[in-house]
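Q: Structure, please.
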Amino acid sequence: MGLVVSNKMDKTVVVQVERKFIHPKFKKVVKSTRKFSAHDEKNECCPGDFVSIRETRPLSKTKRWRLVEIIKKGEEADKAS
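A: Model (predicted):
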């Protein structure tokens, strides 16, 4: 699950996934983020949406993930409507 950062490509969204883990040496909670290109067949996502993605077969050079569902619509999507 992650936050949609960009939807400027056709049928593709960039999803930023954040994870928290305890650093092995310093024993502090560390945040780490990673971006995934995910396939959005209906072009229904907007930046700010919280979505669920799953792994799939390679769809292009960078797309290996597919949009499963939009969990929560973002505030930017409401302003555009």
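Q: quick one: least confident helix or strand in this protein?
A: helix 75-80 (a mean of 59; mean pLDDT, DSSP states H and E).
Q: and residue 53, helix, strand or coil?
A: Under the three-state scheme (DSSP: H, G, I helix; E, B strand; the rest coil), residue 53 adopts strand.
Q: Could you report the distance from it to residue 16?
A: Distance, residue 53 to residue 16, by Cβ to Cβ, to the nearest Å: 11 Å. For glycine as for every other residue, the C-beta is placed from the backbone atoms N, C-alpha and C.
Q: ok, these two, which is more surrounded?
A: Between residue 53 and residue 16, residue 53 has the larger neighbour count (other Cβ atoms under 10 Å), namely 22 against 13.
Q: which residues do residue 53 and residue 16 both contact?
A: Both residue 53 and residue 16 are in contact with residue 2, where contact means Cβ atoms under 8 Å, 6 or more residues apart in numbering.
Q: And the pLDDT for the residue nearest to residue 43 when sequence neighbours are not counted?
A: The shortest distance from residue 43 to any non-neighbouring residue, by Cβ to Cβ, 6 or more residues apart in numbering, is to residue 11 (6.1 Å). Residue 11 is assigned a pLDDT of 95 by the prediction.
Q: tally of neighbours for residue 11?
A: Residues near residue 11, counting by other Cβ under 10 Å, number 15.
Q: Excluding residues flanking it in the chain, which one is nearest the most centrally placed residue in the chain?
A: Central residue of the chain (Cα atoms, centre = their mean): residue 15, 1.9 Å from the mean position. In space, and not counting its chain neighbours, residue 15 is closest to residue 2: 4.2 Å by Cβ to Cβ, 6+ apart.
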